[in-house]
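Chemist: Please find the sequence and the predicted model below.
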Amino acid sequence: MASFLCLRLKLRRKPVRVGESGFKKDPGPARMTKQQISKLTMSFSRSRVIAFGGFSTVYLGKFPDSGVAAVKVIDSGSSHRLSAVFRQELQILQRVQHESIVSVIGYCDEGEEGVLVFQYAANGTLHENLHGRWDSLLSWKQRMGIAYQLAQALEYLHERCDPQIVHGDIKASNVLLDSQFNCKLCDFGSAKMGFSSSVQPPLSGPEMIDGGAINAATRPKCGRLATRMMMMGSPGYTDPHYLRTGIATKKSDIYSFGVILLELITGLEAVSSSDCSEKLVCKAKEMLKDESKVTAMLDPRLDVRNNSLGVEAEAVASIAAMCLVDCPTLRPSASDILETMRIRVPSVGFSFSKDKGAA
């Protein structure tokens, strides 16, 4: 589920006064009271619910000056693990600030429920725009701008943050789009930071083995299999190397980015909504081997007669192929992807007139 994320490292502090729109004048998200959160959500009214997750509910928050925000309420009281995930997500969000990562306005840690208040994304998620209920059709230029901005966000997390951050759940529904269809990466509930090369994946949501949920009653108590079961991720986007080893790295994010590139080219979902075994990566296997076959899989809603679009689509498919290679060390870095896109995909020209680094 798309939540909504990020800013600067601050230690826990006393509640602070926020303005009418909830934005603090000093850097970092405001620590808010439960009463403030209740006012934002009209006492957590069901009419304000805009999304559900396995352990959270997202409300539309409204400020007195008509400003809006997304309010993610995490039921962390039911599990020490969920409480730890909330703390971890908050800690990471307080560290990062980037134009292509959604901003966290405030948080509340009173009582058993953790609350994160985020910048509202007016145009929903990339998944909704490509596959869902949104009427607007993303143009090829918009798609390439989103891809480039997402790669910029990954470059920032992987190469500019100290310590580095592995997002852990890159997918179309975690890419929010603002009023100008700019990318805002969100949902850092699975993210890890401070590891030089790899991290042990956190357990969030159902325990997984090879992409499938398992029954806790049948869980082995020890051994390598038990470690592998502590998998998380989203079907269709998860790095196969991660599934085999239980180890997530920056290159796991790159694999997932490659799947999103395929979605942007084809307009197809990462996993069929009717059959979870039908993965886009498998459908696009021939295209990934032979760039000349890209046109046949190009999203029919685009102007497939445009020759320059076809040339760019082939270039993007070649980048996707590099991201999706089985061996993680052979996958490009986020900065490699940006450089290749600058050279081979002219449509992203408007996106790199200024590099979107830390603010």
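Modeler: Okay, I see it. What you are looking at is a predicted structure, and each value in this text was computed from that prediction instead of being measured.
Chemist: centre of the chain versus stretch 318-338, how much separation?
Modeler: Using C-alpha atoms, centre = their mean, to the nearest Å, the mean C-alpha position of stretch 318-338 is found 18 Å from that of the whole chain.
Chemist: residues in contact with it?
Modeler: Residues outside stretch 318-338 that contact it (C-beta atoms under 8 Å, 6 or more residues apart in numbering): 148, 151-152, 154-155, 158-159, 239-241, 249-255, 257-259, 261-262, 265, 281, 284, 288-289, 291, 340-341, 344, 352. Glycine gets a C-beta too; all of them are placed from N, C-alpha and C.
Chemist: List only those of the residues you listed flagged as buried.
Modeler: Neighbour-count burial (16 or more other C-beta atoms under 10 Å) is assigned, among the contacts of stretch 318-338, to 148, 151-152, 154-155, 158, 239, 241, 249-255, 257-259, 261-262, 265, 281, 284, 288, 291, 340-341.
Chemist: from those, which ones fall inside helices?
Modeler: Under the assignment DSSP state H, those contribute 148, 151-152, 154-155, 241, 250-255, 257-259, 261-262, 265, 281, 288, 340-341 to helices.
Chemist: how about the helices in the stretch 151-300 of the chain?
Modeler: 223-229, 240-245, 250-266, 280-283, 285-289, 294-297 (DSSP state H, counting those that start in this stretch).
Chemist: In TSV: these, plus mean pLDDT.
Modeler: Shown next, in TSV, are these (pLDDT from 0 to 100):
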stretch	mean pLDDT
helix 223-229	33
helix 240-245	93
helix 250-266	98
helix 280-283	95
helix 285-289	91
helix 294-297	92
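Chemist: For K192, find the nearest of those helices.
Modeler: For K192, the closest of the helices of the stretch 151-300 of the chain is helix 250-266, at 10.5 Å, according to C-beta to C-beta.
Chemist: Could I have the CA atoms of the closest one written out in PDB?
Modeler: Taking Å, rounded to 0.1, in the frame of the first residue of the first chain, the C-alpha atoms of helix 250-266 are listed here in PDB:
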ATOM      1  CA  LYS A 250      20.800  -1.900  -3.200                       C
ATOM      2  CA  LYS A 251      20.700  -4.100  -6.300                       C
ATOM      3  CA  SER A 252      17.400  -5.600  -5.100                       C
ATOM      4  CA  ASP A 253      15.900  -2.100  -5.400                       C
ATOM      5  CA  ILE A 254      17.500  -1.900  -8.900                       C
ATOM      6  CA  TYR A 255      15.700  -5.100  -9.900                       C
ATOM      7  CA  SER A 256      12.400  -3.700  -8.800                       C
ATOM      8  CA  PHE A 257      13.100  -0.500 -10.800                       C
ATOM      9  CA  GLY A 258      13.600  -2.700 -13.900                       C
ATOM     10  CA  VAL A 259      10.100  -4.100 -13.400                       C
ATOM     11  CA  ILE A 260       8.700  -0.600 -13.200                       C
ATOM     12  CA  LEU A 261      10.500   0.200 -16.500                       C
ATOM     13  CA  LEU A 262       8.700  -2.700 -18.100                       C
ATOM     14  CA  GLU A 263       5.300  -1.500 -16.800                       C
ATOM     15  CA  LEU A 264       6.000   2.000 -18.300                       C
ATOM     16  CA  ILE A 265       6.900   0.500 -21.600                       C
ATOM     17  CA  THR A 266       4.000  -2.000 -21.900                       C
END
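Chemist: Now do stretch 172-183: distance from first to last residue.
Modeler: 11 Å (C-alpha to C-alpha, to the nearest Å).
Chemist: how about it: buried residues?
Modeler: 172-177, 181-183.
Chemist: Contacts for that stretch, please.
Modeler: With C-beta under 8 Å, 6+ apart as the criterion, stretch 172-183 contacts 1-2, 4, 99-100, 102, 121-131, 138, 142, 145-146, 149-150, 153, 184-187, 234, 260, 263, 270.
Chemist: Let me see the mean pLDDT of it.
Modeler: Averaged over stretch 172-183, pLDDT sits at 95.
Chemist: Can you get me the centre-to-centre distance for it and its chain?
Modeler: 10 Å.
Chemist: before we move on, the earlier item: just the buried ones from the contacts of stretch 172-183?
Modeler: So, of those, 1-2, 4, 99-100, 102, 121, 123-131, 138, 142, 145-146, 149-150, 153, 184-187, 234, 260, 263, 270 end up buried under the neighbour-count rule (16+ other C-beta under 10 Å).
Chemist: pLDDT weak spots in this structure?
Modeler: Counting by pLDDT under 70, the chain has low-confidence residues at 1-27, 54, 76-79, 81-82, 133-135, 194-232, 276, 350-359.
Chemist: Give the closest residue to the residue nearest in space to the middle of the chain in space, chain neighbours not counted.
Modeler: For the chain, N174 is the residue whose C-alpha lies nearest the centre (C-alpha atoms, centre = their mean; 3.4 Å). Once flanking residues are discounted, N174 sits nearest to D187: 4.5 Å by C-beta to C-beta, 6 or more residues apart in numbering.
Chemist: quick one: the one you found and T125 touch, right?
Modeler: No - judged on C-beta atoms under 8 Å, D187 makes no contact with T125 at a distance of 10.1 Å.
Chemist: Please parse this protein into its domains.
Modeler: 30-119, 126-352 (automatic domain parsing).
Chemist: V71 belongs to a helix?
Modeler: No - V71 is assigned strand when assessed by DSSP: H, G, I helix; E, B strand; the rest coil, not a helix.
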